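**Student:** structure for this input, please:
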Amino acid sequence: MLKCSTCQAIERECTDCRDIFIGKDLKCWQCRKIERDCWGCGETFVGATNYCDVCRDSDRNCTDCGVAFTGKRSRCNRCQIEDRECDGCGRGFRSAGNRRCSACRAKDRACPECNRIFRATRSICPGCEATDKVCVDCHSPFWGRDRRSGPCNWQRTPAEIRTNRSRAYYQARRARLLGTDSSDRVTEAEYASIRADGQCVYCGRLTTDGDVDHIRPLTLGGRHEVTNLVLACIHCNRSKNNSLLIRWRPDRVEHACRISEKVRAEYERQLVESAVGP
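**Tutor:** Numbers count the residues shown, from 1 in each chain. Below is the predicted model:
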């Protein structure tokens with residue numbers, strides 16, 4: 001061969017299902033899945049490789065970082081993940097081997113088990129993929145798709161990501177309970193980006209335990225979206241509470257208006273509302 005396996009992989013049409021895929025075979029991975037005997041254990045399985053998942057999944061050391069992991073490849077997932085550009089939409093994303101992002105790879109399909117229509121990159125819906133399993137860390141039984149139970153997966157998540165995820169969930173739940181009309185959802189990444197600033201918008205103090213504050217409180221008609229969220233230290237957040245900017249400390253509001261376009265726009269909007277009256 002004049003080309004490596006990576007260079008041989010191109011975008012082509014499957015000869016069976018006619019779906020577009022990236023590879024070096026004439027058929028896509030789904031169509032190459034047939035019933036065959038494993039070369040390792042001899043058990044019959046349905047797949048596209050010569051070895052079943054049990055034989056391919058073994059304890060090994062990563063060739064890059066040397067960390068022990070259980071898998072089918074020579075490198076662990078962390079070493080395989082890198083920044084890529086999607087061949088479909090051109091947007092940047094992080095992946096271990098895909099050439100297209102999950103949004104471009106996802107499509108509407110019918111689950112072969114329950115006939116439910118769902119949109120994803122998998123062939124089976126999440127409900128049918130979930131089975132009774134035993135966690136590899138705590139060895140407790142659970143129902144799901146992962147190798148680890150929910151509590152064990154949560155403990156393995158870095159502390160900063162856990163904090164951002166839990167606070168973002170609390171803010172979104174609070175907005176739903178208050179019936180706030182939001183045209184745009186605040187993603188976990190956007191929430192983390194706001195907290196990563198590290199400086200309180202109202203007093204300028206550096207903070208590590210600050211929280212995301214709604215410039216216009218949710219109880220007074222504020223929206224749960226990025227344009228209404230800023231980072232506030234715990235002191236300013238508690239002091240402001242559910243107050244409008246025009247009814248809170250002028251020195252803190254003046255400082256926020258100087259450094260934040262979002263706060264200045266909301267402050268001017270509140271001034272106009274107060275001048276017009278009810």
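
**Student:** CA atoms for contacts and neighbours, from now on please.
**Tutor:** Will do.

**Student:** can you map out the strands along the stretch 151-278 of the chain?
**Tutor:** 211-214, 229-232 (DSSP state E, counting those that start in this stretch).

**Student:** weakest of the ones you listed by average pLDDT?
**Tutor:** The minimum mean pLDDT among the strands of the stretch 151-278 of the chain belongs to strand 211-214 (a mean of 88).

**Student:** buried stuff in it?
**Tutor:** Along strand 211-214, these residues count as buried under the neighbour rule (16 or more other CA atoms under 10 Å): 211-214.

**Student:** output that strand as PDB, nothing but the C-alphas.
**Tutor:** What follows is strand 211-214 as a C-alpha-only set of coordinates in PDB (Å, rounded to 0.1, in the frame of the first residue of the first chain):
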ATOM      1  CA  ASP A 211     -21.500  32.600  42.000                       C
ATOM      2  CA  VAL A 212     -23.300  33.600  38.900                       C
ATOM      3  CA  ASP A 213     -25.800  36.400  39.500                       C
ATOM      4  CA  HIS A 214     -28.800  37.400  37.500                       C
END
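
**Student:** please compute how far the helix or strand bottoming out on mean pLDDT in the chain lies from its chain's middle.
**Tutor:** Least confident element among the helices and strands of the chain, by mean pLDDT, DSSP states H and E: helix 5-8 (a mean of 73). Offset of helix 5-8 from its chain centre (CA atoms, centre = their mean, to the nearest Å): 29 Å.

**Student:** parallel or antiparallel, which strands does whatever helix or strand comes next after it pair with?
**Tutor:** With elements assigned by DSSP states H and E, the helix or strand that comes after helix 5-8 is strand 10-13. According to DSSP bridges, strand 10-13 has the following sheet partners: strand 20-23 (antiparallel).

**Student:** chain center to the partner strand, what's the gap?
**Tutor:** Using CA atoms, centre = their mean, the offset of strand 20-23 from its chain centre is 25 Å.

**Student:** and for stretch 5-22?
**Tutor:** With CA atoms, centre = their mean, you get 28 Å for stretch 5-22.

**Student:** which residues are contacting that stretch?
**Tutor:** 23-24, 26-28, 31 (CA atoms under 8 Å, 6 or more residues apart in numbering).

**Student:** same deal with stretch 146-153?
**Tutor:** With contacts defined as CA under 8 Å, 6+ apart, stretch 146-153 is touched by 133-138, 140, 142.
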